[in-house]
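Engineer: Could you look at this predicted model? Sequence included:
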There are 2 protein chains.
Amino acid sequence: MTNTIPPRSGTAFKMKQGECLKVVDPEGEQVADLYAFNENDHTEFLSSGRSLDYNESVEFGKGAKLYSNNSNVMFEIVEDTVGVHDFTLTPCSVDTFKHFYPNEAPVPGCFGNLAAAFEQYGIPKHLIGTTFNTFMKVDIDREGKISVLPPVSKAGDYTVFRAKMDMIVGLTACSAGESNNFSYKPIEYEIIAQ
Amino acid sequence: MTNTIPPRSGTAFKMKQGECLKVVDPEGEQVADLYAFNENDHTEFLSSGRSLDYNESVEFGKGAKLYSNNSNVMFEIVEDTVGVHDFTLTPCSVDTFKHFYPNEAPVPGCFGNLAAAFEQYGIPKHLIGTTFNTFMKVDIDREGKISVLPPVSKAGDYTVFRAKMDMIVGLTACSAGESNNFSYKPIEYEIIAQ
């Protein structure tokens, strides 16, 4: 069953070990922020830093593993028609909107949307760290400068993440104009049984 | 007063807003992992992702600000004789030692040392995220590959961080050979009143 995340919103759901999450960019150039907690221990969660450490690259594609703060594998990317994602920047929030888009009315952003979705599972928002920003294109040049560029994903492109533990997973359709070339489109996802 | 952190260990201490923390590499080529919590609210802590977002660069030097997960400034770098640091990788731990140095007996690492130091202030270890790795040299090439290289810091080099809020601060002398060119030296620090 395909689920749709409307523009500038988010959701959370449970996944069992072995299931796959297919994240689809139905119209192209959209970003989906992904975060996850161990279902049985909310002090274990997705860790950008551990994943960058073990991946030894800021690029993540098919075969890459996403680790928890406890160095356990949470997801493995098993299919990927894009291969361009980001795992360095935090989800957009009321504060990042004030910082980067001072003339725009602040919206909850991916952080606010994830916080609301995880709250339904009793998970406090301060445990939401740097998300895996599916389809987000971030360039780091030789001087270290970070640039957020339009996603390279085309309509129908997707990435499939296999769950390596039982988890509560949050996913968004990104709210920040710079991340999605100011297109604010939906995201689709599907849970595929083992 | 100059304090010494012995090789492969760590400490934690309180800092008041306006005070400065001078972190010195007394012998050269050593790394000091820095982390901090809001003294009055341990759910606010140093955030690599927010800092990378607002810094718009992976390079941090004089004038750079280090942000919390709540988008408040925790530190400002006010002096820096090095200008080469890392804010992408997590502190070394028992698990990273098993991964990267499988033939070496695992040590607590910077993570274990910070966890023990913060525990004395009642702060649980799962709240320790990606540290600001003072003097650590990490190269990210055009293909995204991450390489940990020897620090460029020479004996006596230092970085001064001004506290922008009341904090509990953790600091280490790094345990991971790759980070400090297998030299395992001490770190010195000093708290300078406003």
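Structural biologist: Perfect, I can see it now.
Engineer: give the contact list for residue A:85.
Structural biologist: Under the criterion of C-beta atoms under 8 Å, 6 or more residues apart in numbering or on different chains, the neighbours of residue A:85 are A:60-61, A:132-136, A:159. For every residue, glycine as well, the C-beta is placed using N, CA and C.
Engineer: what does residue A:21 give?
Structural biologist: By C-beta under 8 Å, 6+ apart, the neighbours of residue A:21 are A:15, A:75, A:160-161, A:163, A:169, A:171, A:189-192.
Engineer: go with 7 Å
Structural biologist: By C-beta atoms under 7 Å, 6 or more residues apart in numbering or on different chains, the contact list for residue A:21 reads A:15, A:161, A:163, A:169, A:189, A:191.
Engineer: how much space between it and residue B:50?
Structural biologist: Distance of residue A:21 to residue B:50, given as C-beta to C-beta, to the nearest Å: 26 Å.
Engineer: Kindly report the same for residue A:68.
Structural biologist: For residue A:68, the distance to residue B:50 - C-beta to C-beta - is 20 Å.
Engineer: before we move on, what about residue A:122?
Structural biologist: 24 Å.
Engineer: Residue A:75 pairs with what?
Structural biologist: As for beta bridges, residue A:75 partners with residue A:66, residue A:163 under DSSP bridges.
Engineer: tell me what the strand or helix carrying residue A:118 is packed against?
Structural biologist: Assessed by DSSP states H and E, residue A:118 sits inside helix A:109-119. In terms of contacts (3 or more C-beta pairs under 7 Å, 6 or more residues apart in numbering or on different chains; DSSP states H and E), helix A:109-119 is packed against strand A:10-15, strand A:32-38, helix A:94-100, strand A:167-172.
Engineer: Tell me the helix or strand right after it.
Structural biologist: Downstream of helix A:109-119 (by DSSP H and E), the next one is strand A:132-134.
Engineer: Check whether that next one comes into contact with chain B.
Structural biologist: No: Strand A:132-134 is not in contact with chain B by C-beta under 7 Å from any C-beta of the partner chain; minimum separation 10.0 Å.
Engineer: Which secondary structure elements does that strand sit against?
Structural biologist: When contacts are defined as 3+ C-beta pairs under 7 Å, 6+ apart, strand A:132-134 packs onto strand A:32-38.
Engineer: Now do the helix or strand of chain A with the lowest mean pLDDT: which elements does it pack against?
Structural biologist: The least trusted helix or strand in chain A, going by mean pLDDT, DSSP states H and E, turns out to be helix A:94-100, with a mean of 88. Under the contact definition 3+ C-beta pairs under 7 Å, 6+ apart, helix A:94-100 sits against helix A:109-119.
Engineer: what secondary structure does residue A:82 sit in?
Structural biologist: Of the three states, residue A:82 takes coil under DSSP: H, G, I helix; E, B strand; the rest coil.
Engineer: which phi and psi does residue A:158 have?
Structural biologist: Dihedral pair for residue A:158: phi -150, psi 160, per degrees, to the nearest 10.
Engineer: Identify the residues contacting it.
Structural biologist: A:22-24, A:81.
Engineer: Contact residues of chain A facing chain B?
Structural biologist: Counting by C-beta under 7 Å from any C-beta, chain A sits next to chain B at A:43, A:47-50, A:52-54, A:56-59, A:69, A:71, A:88-90, A:95-96, A:99, A:126, A:129-130, A:140, A:143-146.
Engineer: Now go through the residues you listed and say which are in helices.
Structural biologist: A:48-50, A:52-54, A:95-96, A:99 (DSSP state H).
Engineer: Tell me which two of the residues you listed sit farthest apart.
Structural biologist: Greatest spatial distance among these (C-beta to C-beta): A:54 and A:99, at 30.7 Å.
Engineer: For those two, indicate the residue with more neighbours.
Structural biologist: Taking other C-beta atoms under 10 Å in any protein chain shown, residue A:54 and residue A:99 do not tie; residue A:54 has more neighbours (20 against 16).
Engineer: Check the nearest residue to that one once chain neighbours are set aside and give its pLDDT.
Structural biologist: Leaving aside its chain neighbours, residue A:54 sits nearest to residue A:67 (5.7 Å; criterion: C-beta to C-beta, 6 or more residues apart in numbering or on different chains). For residue A:67, the model assigns a pLDDT of 98.
Engineer: Quick one: residues contacting residue A:67.
Structural biologist: Taking C-beta under 7 Å, 6+ apart, one finds A:47, A:50-51, A:54, A:73-74 in contact with residue A:67.
Engineer: Nice, that's everything, thank you.
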